[in-house]
Structure formats: C-alpha cells, structure tokens
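**Q** Okay, here's the prediction I keep looking at, along with the sequence it came from:
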Amino acid sequence: MKYFVHKSSIIDDNVLIGENTKIWHFCHISEGSSIGKNVTIGQNCFIDKGIVIGDNCKIQNNVSIYKGVEIGNNVFIGPSVVFTNDIYPNAYSKDWKIVRTILKDNCSIGANSTIVCGVTIKEFSLIGAGSVVTKNIDKNSLYYGNPAKFIRKI
C-alpha cells in the first residue's frame, strides 16, 4: 500500500487511491470513487459514490463531497466547505436531480464557504472564507461575500 488511511476511516469496495495520499480520522470514501496521488483528506470527510478527485488536492476537515461534484488537480478546499447537488432538495421525493459542480485545476475555496450546485469554479480562482457561490467563477479571480461577488483579478 502506497497511501495512508487512518484506522478509523471507512473505504468501500472499488475505490482507487493514488500514491502518497493521506486519509485522516473518521472519513468515509464511498464505492467507485477515485482519489488522485498526493491528496490529503482531513478528518471527518465524506466522499460520495463515483466522485473523482484529481492529484495534489487538499481537502480540509469536515467536508462532504456529494455526487455531481468534479474536482480537478491542485484544488484546495478549506475546512467545513459545503457543496449542494440538487437545486430543489426535499426529504420526500425520489426524483433527485443531481446538478454538476466543477472545480477546475488550481482553484481554492476558503473555509466555511457554500457552493450551490450548477457552478464552475475556474482555474486559479480564489473563493474567500464564508462565501456563498451561486454563479460561475472566472479564471484568475478573487470572489467573496454572500452572494460571492467579483473583487479583483489575481
């Protein structure tokens, strides 16, 4: 084994984990997921079925990544970031409509941000801590606030 998984974590069947990846305490990696090499997944994270995470990513504590989220290479996801995957969720319908969210290579999302499904966060962009992202984020740009607004090019 060329990766580390803490003994308190659960790794389902048919999961691919790249070399030098570290999965810390109380994580659950669901079946069919693929995690790249040199990835760090902090404690208490949930990775849903079929999620693909690129190489060299850092996912901090208390992050759940649900179906529909796609993560490129060199992506930083701060602690307690929230992703949604249905525009109109409810507890009683069986007709969930998963809406894709795409995190392009080299983007960063600050702590406690909420990413509403259906957006693309483009390359080398930065989402400030505590932001609520409801629209696509431009390449090489800083956004923050609720809702997140363009601040400047970076």
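**A** Yes, it's here.

**Q** Enumerate every residue touching the residue sitting nearest the centre point of the chain.
**A** Geometric centre of the chain, nearest residue: Ile65, 5.1 Å, by Cα atoms, centre = their mean. Contact partners of Ile65, counting by Cβ atoms under 8 Å, 6 or more residues apart in numbering, are 45-48, 51, 53, 59, 71, 77, 83. To be clear about C-beta, it is placed using only N, CA and C from the backbone, and glycine gets the same treatment.

**Q** try 6 Å
**A** 47, 51, 83 (Cβ atoms under 6 Å, 6 or more residues apart in numbering).

**Q** Same question for Val81.
**A** Counting by Cβ under 6 Å, 6+ apart, Val81 has contacts 63, 109, 113.

**Q** Identify the residue spatially nearest to Ala129, adjacent ones excluded.
**A** Gly110 (3.5 Å; Cβ to Cβ, 6 or more residues apart in numbering).

**Q** Correct me if wrong: that neighbour contacts Val132.
**A** No: applying Cβ atoms under 6 Å, one finds Gly110 not in contact with Val132, separated by 11.6 Å.
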